[in-house]
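K.L.:
Test case, fold it:
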Amino acid sequence: MRLDRITITEYDVHWPALFEQQRRRVEPVLEPWLVRPVDHIGSTAVPGLPAKPIVDMVAVITDHRSVAGCFGELAAVGWVPAPEPGDDEARKHSWCYPSVEHRTHHLHVVEQASPGWRTWLAFRDHLRADPADRAEYARIKRELAAADDQDRPAYRAGKAPFITAVLSRLPAED
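P.N.:
The predicted structure is shown next:
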């Protein structure tokens, strides 16, 4: 069970180093399945953007079913499985560090065929480059967290229209 509340904190300059520390632990475990390096995603990957202090990571792999063979190794380096609703449909696995209840990191192990990871990277890159949208996203996140710091579905649903609008403005992928 998750015990952390939805708390939005000011950007922490240590978040990239915290990402890198865990990337160095999980990337060698996932190496046989990776199609690209593990990426830092989410709000902690956007300099200047307030965020929940949880470092989101994405590992894009060849096949989400075949990677199960490395789950023991992920556990051995301190990661715990944290399945989320929709993981199977999204062709992904979710992991947390050091625990689900008090996580500091969240790893999304997602199949290359899944469309989700491309939008995560596109949204991150857009917010890095667009100060006005970055500020508006920060405002929305703070407002939603202040309204109810325990209702994660409402928090996600409240951000969705803004994310969808931003993604609709971005150039289509080749």
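
K.L.:
Check what contacts the helix or strand hosting residue 164 and list those residues.
P.N.:
Taking DSSP states H and E as the definition, residue 164 sits inside helix 152-169. With C-beta atoms under 8 Å, 6 or more residues apart in numbering as the test, helix 152-169 has contacts from 2, 6, 119, 122-123, 126-127, 133, 136-137, 140-141, 143-145, 147-148. Backbone N, C-alpha and C define where each C-beta goes, glycine included.

K.L.:
so who does the most centrally placed residue in the chain touch?
P.N.:
Geometric centre of the chain, nearest residue: residue 56, 3.4 Å, by C-alpha atoms, centre = their mean. Residue 56 makes contacts with 40, 41, 42, 43, 44, 45, 105, 106, 108, as judged by C-beta under 8 Å, 6+ apart.

K.L.:
list the contacts for the second one?
P.N.:
Spelled out, that is residue 41. So residue 41 contacts 56, 57, 58, 108, 120, 121, 124 (C-beta under 8 Å, 6+ apart).

K.L.:
Helices - which of the residues you listed land there?
P.N.:
Among the contacts of residue 41, DSSP state H puts 120, 121, 124 in helices.

K.L.:
Right, I'll leave it there.
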